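> fold the stuff below for me.
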Amino acid sequence: MTHPPVPLGTFPTPLEPAPRLAAALGLGPEDLWVKRDDLTGLGGGGNKIRKLEWTVGAALAEGADTLVTTGAPQSNHARLTAAAGARLGLDVVLVLRGTRGASRSGNLALDGLLGARLAWAGDVDQAGLDTAAAEVCARLRSDGARPALIPFGGSSALGAKGYVRCGTELREQLPDLRTAVVALGSGGTMAGLVAALGGGSVLGVDVGALADPAAAVAEFAAPLTAEEITPDTLRIRRDQVGAGYAALTAPVREALRLAARTEGLVLDPVYTGRALAGLHAAVRDGSVRPGERTVFLHTGGLPGLFGHADAIAFAEEEAEAFDA
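Below is the predicted model of the structure:
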């Protein structure tokens, strides 16, 4: 049974031209537009709000009083789950990889401010994280609570419906859109866009969150569209992962610099920074061409910048001294 979404965000989000960034990437001045899903409102904004409208809506319909979800210490999804809980008067428990004190600031600071409780799962893989979350839910039920487990990254066929709506917004805002470029993490954002826009119109840039992101996108998108979606029909770049999910690569450093200095756009080092680096690479190899309308999906994540020591060090070093 499909439950209605619960309103959490501010939509439609703006679509803004980015002529100076377009020129820096090698595109024409009217080719590049930025979909500002960093401006979705709640809890600092970001793409996860669109998914949470659906997944939390289902949790409320089933009588939940507590939201439980999983993620890395600087998870944007965890932060926005905490914000959704605060908005709706629900308790929130975040089950995170790692140990207390190993990571500070950024999203973790907001998790605490928003009132979430944290359960540290240690050095575990995704299966271990899922097990830890199941144990937290069992403990909550034994204490009389009614927990709902929100999927990793908010990504599922249900959560992806939020990005079907985003794809519809994009078609209305830019009817001649050729390619929407998006960071590919847990898969739900790209899946919804693929369902709305078609597999050939979405370019996902893998950030290294999953071993097989194409399979996840295909699984989530398939129930939402009549188009046949398989992993090999998707447009995915896997050349921006570098040394891993948390690593700050040279192309990402350049992407952060370009977006900030051409358009005043601040990106994060894990998701949007990699997505822009992937777009830059796609322009260089001709898979995104001048003369075609391209949308860069800004999925938010600014707090993650302040929780990434290497990115902060890089940004501070970029400040040039003024010698009077």
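> residues in contact with the nearest residue to residue 306 once chain neighbours are set aside?
In space, and not counting its chain neighbours, residue 306 is closest to residue 106: 4.6 Å by CB to CB, 6 or more residues apart in numbering. The way it works is simple: take the backbone N, C-alpha and C, and place the C-beta from them, glycine included. By CB atoms under 8 Å, 6 or more residues apart in numbering, the residues touching residue 106 are 74, 303, 304, 305, 306, 307, 308.
> neighbour count, pLDDT and distance to residue 207 added to those, as TSV?
Listed next are the contacts of residue 106 as TSV, based on neighbours: other CB atoms under 10 Å; pLDDT from 0 to 100; distance: CB to CB, whole Å:
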residue	neighbour count	pLDDT	distance to residue 207
74	27	92	13
303	23	95	16
304	26	92	11
305	21	93	14
306	19	93	18
307	23	92	15
308	22	94	13
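> show me which of these is closest to residue 27.
Residue 27 has its nearest neighbour among those in residue 305, at 25.0 Å by CB to CB.
> which SS state does the nearest residue in space to the closest one that is not next to it in sequence fall under?
Once flanking residues are discounted, residue 305 sits nearest to residue 268: 4.9 Å by CB to CB, 6+ apart. Here residue 268 is recorded as coil under DSSP: H, G, I helix; E, B strand; the rest coil.
> and which of the contacts of residue 106 is nearest residue 24?
For the contacts of residue 106, the nearest to residue 24 is residue 305 (20.2 Å; CB to CB).
> quick check, the closest one in a helix?
Yes - counting by three-state DSSP, one finds residue 305 located in a helix.
> surely it touches residue 271?
No - using CB atoms under 8 Å, residue 305 makes no contact with residue 271, being 10.4 Å away.
> list the contacts of the residue nearest to residue 305.
Residue 268 neighbours (CB under 8 Å, 6+ apart): 300, 301, 302, 304, 305, 308, 311.
> keep only those of the residues you listed that are in helices.
The members of the contacts of residue 268 that map onto helices under DSSP state H are 302, 304, 305, 311.
> just the helices in this structure please.
Taking DSSP H, the helices of the chain run over residues 19-25, 48-61, 76-88, 107-113, 126-142, 157-173, 188-197, 213-221, 250-263, 272-285, 302-306, 309-317.
> quick check: which helices or strands does the last one pack against?
Contacts defined by 3 or more CB pairs under 8 Å, 6 or more residues apart in numbering; DSSP states H and E place helix 309-317 against helix 250-263, helix 302-306.
> residues making contact with it?
247, 248, 253, 256, 268, 269, 305, 306.
> which parts of that helix are buried?
Across helix 309-317, burial judged by 16 or more other CB atoms under 10 Å covers 311, 312, 314, 315.
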